[in-house]
Structures are given as C-alpha cells and as structure tokens.
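# just to be clear, the model below is a prediction. Sequence and coordinates:
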Amino acid sequence: MHILFLGRIGERKGVPQLGEALERMKHLRGWRATIAGDGEVEPARARSVALGIADRIAFPGWVGPDEVASLIASADILVLPSFAENLPMSVIEGMAAGLAVVATPVGAVEDIITHEQSGLLVPPGDVAALTEALTRLVEDTALRARLGAAAMAVHRERLELAPFVDAICDVWRSVASEARSVKR
C-alpha cells in the first residue's frame, strides 16, 4: 500500500501531523509512504528517523511532472492534511488517477470531496482522525476502491479540462455566429 503526499513539506501542509499518524500506524504491515515536495525536507526526514519510521518513508524532495506522474501511478492513497489550501492540485491529480484521498476540509476541498463518498475528510491537526482514516484505507481494499472510483467520477464530471474547453468554444462560436448575423 503506497501512501503519497505531494506538496510543500512543512507545518501549513500538516506534514508533522502526517509523520505522527504514520508513526501510529507502524504496527500495520504492508504500507509505505512517499512525502514529495520542497520545503522542510531534511527536518521531516530527521523526524521520521526519530519516530522510527524512516525505513518506510521516502523523501525524494521536489519532483518534476514526470516523477509526479510516476508517483501517482504507483500510489494507492493520496493524503493532504493541510491547515490552509485553495483548491489543491495534488488532490485533483489524485482524484483523476482514482486514488483514495484523505484531506482536510479547508479551502475548496469540500467542493470536490464529499466525506465517505469521494474521499475521507479529517479535521486539520487531528492526528487521531488522520491515523484512523489512513488505517481504514490501508486495511479496507473495498473502501479504497470505492472512494477512488467515486473520486475519479467526480473528476471526470466536474474537474476535467475538456468540458471547460468545450463550453468556452461554444461561447466563442455563439458570439461569432451572432457577430456574423449582425453584419448581414
């Protein structure tokens, strides 16, 4: 089971709480995590050593688009326990790939994730709730699959670029048609 975090590593994104949650899960078999991004990489890596979970967490630092795509393709769960967000790209990318998502209901996250339907939402800073949500997804294959499929469906219906492009093109065509009619 591959748990993936993509974002700026630090307090605002909830990485310290994620480390604590993963430490509480160290008794569970079969999971590994990747915490990828820029920011406080070395302090997070050192904390994982102190928590006794460094052997289960990779810290590749900042990764480019190809590496992000590879990490998402290898992941089962995307986690973003942020204290503040707008509309996080990592959550959108995880949903597009059909990953089960664990996030906090900050910014516009609740506009795209419905708790227990298209992902799991946990209160910011709540290590116990984060641990419980991640544990549920590690242990429950059916839940992980159901949430991932629902997240992908939400992405297709509401977040894919193609429908927006089509709508904009329809507006342009309509305006061009009206402009031609006025000229005649």
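Sure, I can see it.
# quick check: longest helix of the chain.
Secondary structure of the chain read by DSSP state H shows that its longest helix is helix 161-183.
# what residues of that helix count as buried?
For helix 161-183, burial by neighbour count (16 or more other C-beta atoms under 10 Å) applies to no residue. Quick note: C-beta positions are derived from backbone N, CA and C, even for glycine.
# avg pLDDT for it?
When the per-residue pLDDT values of helix 161-183 are averaged, the result is 77.
# swap in stretch 35-54?
When the per-residue pLDDT values of stretch 35-54 are averaged, the result is 97.
# repeat for stretch 16-25
pLDDT averaged over stretch 16-25 equals 98, rounded to a whole number.
# contacting residues for A73?
When the contact criterion is C-beta atoms under 8 Å, 6 or more residues apart in numbering, the partners of A73 are A97.
# where's it, which helix or strand?
Counting by DSSP states H and E, the element that carries A73 is helix 65-74.
# the residue most central in space within the chain and H155, how far apart?
The structure's the chain has its C-alpha centroid closest to V91; by C-alpha atoms, centre = their mean the separation is 3.1 Å. Here V91 is placed at a distance of 10 Å from H155 (C-beta to C-beta, to the nearest Å).
# again with T34
When C-beta to C-beta is the yardstick, T34 and H155 sit 21 Å from each other.
# isn't L18 up against G7?
No: because the distance of 10.3 Å does not satisfy C-beta atoms under 8 Å, L18 is recorded as not touching G7.
# ok, and for the helix or strand where the residue nearest to the centre of the chain lies, which residues are buried?
Using DSSP H and E, V91 maps to helix 89-96. By neighbour count, with 16+ other C-beta under 10 Å as the criterion, the buried positions of helix 89-96 are S90, V91, I92, E93, G94, M95, A96.
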